[in-house]
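Asker: sequence and computational prediction follow.
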Amino acid sequence: MAQDTMRMEGVHFACTPPATSRRKTFGAALAVLANVPAAVAAASVVPEPDAALLAACRAYHDARARRLACNAASTAAGDDDPVLVAAWERACGAGDAAADRVLLLPPSTPQGLVAKALTVQAVRRDARQPGEVSDDHEHFVDVLLEDLLRLLAGASPRRALP
């Protein structure tokens with residue numbers, strides 16, 4: 001019934017799949033661009049419009065690597081080592097600042113979009129406390145999917161990001 005109503009209003013139902021379908025489509029779209037993250041990581045060519053976004057993504061992942069290294073060293077040396085605690089806090093602060101920049105910068109190329117999507121997933125996965133990551137993550141993923149599909153179709157991405 002709702003589908004028929006949408007058709008009568010001129011809205012193509014396939015454009016608004018359920019959230020599960022959107023996530024599957026998003027995963028499939030990322031799989032199509034599977035070579036892009038490696039190119040972004042290597043930073044061989046940084047598309048000019050996304051230079052700040054890709055730099056913020058790299059900064060987040062660098063801070064994440066430092067934090068994980070501190071975690072491993074802390075496990076080996078004991079949790080009360082003040083040098084490791086300070087290094088972990090610096091890495092967390094740098095990661096948080098970079099994550100904020102990533103969330104605010106809109107992508108304008110597929111490379112920037114994939115880098116942003118992967119970083120958002122890492123932020124979500126690595127959240128240190130429940131609720132630390134934005135509660136509107138599902139909406140954010142929907143926006144990323146819409147942007148990715150628009151970029152793949154040769155259109156400009158939507159600019160209104162949460």
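Answerer: Sure, I can see it.
Asker: from here on, just use CA atoms for contacts and neighbour counts.
Answerer: OK.
Asker: for P107, give me phi and psi.
Answerer: phi -80, psi 150 (degrees, to the nearest 10).
Asker: can you read off the pLDDT for the residue nearest to it when sequence neighbours are not counted?
Answerer: In space, and not counting its chain neighbours, P107 is closest to L113: 5.1 Å by CA to CA, 6 or more residues apart in numbering. pLDDT, the model's per-residue confidence, is 78 for L113.
Asker: need the CA coordinates for the helix or strand where V102 lies. PDB is fine.
Answerer: Using DSSP states H and E, V102 maps to helix 82-104. Presented in PDB, the C-alpha positions along helix 82-104 are these (Å, rounded to 0.1, in the frame of the first residue of the first chain):
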ATOM      1  CA  PRO A  82      52.700   7.500  33.500                       C
ATOM      2  CA  VAL A  83      54.600   7.900  30.200                       C
ATOM      3  CA  LEU A  84      52.300   5.500  28.500                       C
ATOM      4  CA  VAL A  85      49.200   7.000  30.000                       C
ATOM      5  CA  ALA A  86      50.300  10.500  28.800                       C
ATOM      6  CA  ALA A  87      51.000   9.100  25.300                       C
ATOM      7  CA  TRP A  88      47.700   7.400  25.200                       C
ATOM      8  CA  GLU A  89      45.900  10.600  26.200                       C
ATOM      9  CA  ARG A  90      47.700  12.600  23.600                       C
ATOM     10  CA  ALA A  91      46.800  10.000  20.900                       C
ATOM     11  CA  CYS A  92      43.100  10.100  22.100                       C
ATOM     12  CA  GLY A  93      43.000  13.900  21.900                       C
ATOM     13  CA  ALA A  94      44.600  14.000  18.500                       C
ATOM     14  CA  GLY A  95      42.200  11.300  17.300                       C
ATOM     15  CA  ASP A  96      39.100  13.100  18.700                       C
ATOM     16  CA  ALA A  97      40.200  16.400  17.000                       C
ATOM     17  CA  ALA A  98      40.800  14.600  13.700                       C
ATOM     18  CA  ALA A  99      37.400  12.800  14.000                       C
ATOM     19  CA  ASP A 100      35.700  16.100  14.500                       C
ATOM     20  CA  ARG A 101      37.300  17.500  11.300                       C
ATOM     21  CA  VAL A 102      36.400  14.300   9.400                       C
ATOM     22  CA  LEU A 103      32.700  14.600  10.400                       C
ATOM     23  CA  LEU A 104      32.500  18.200   9.400                       C
END
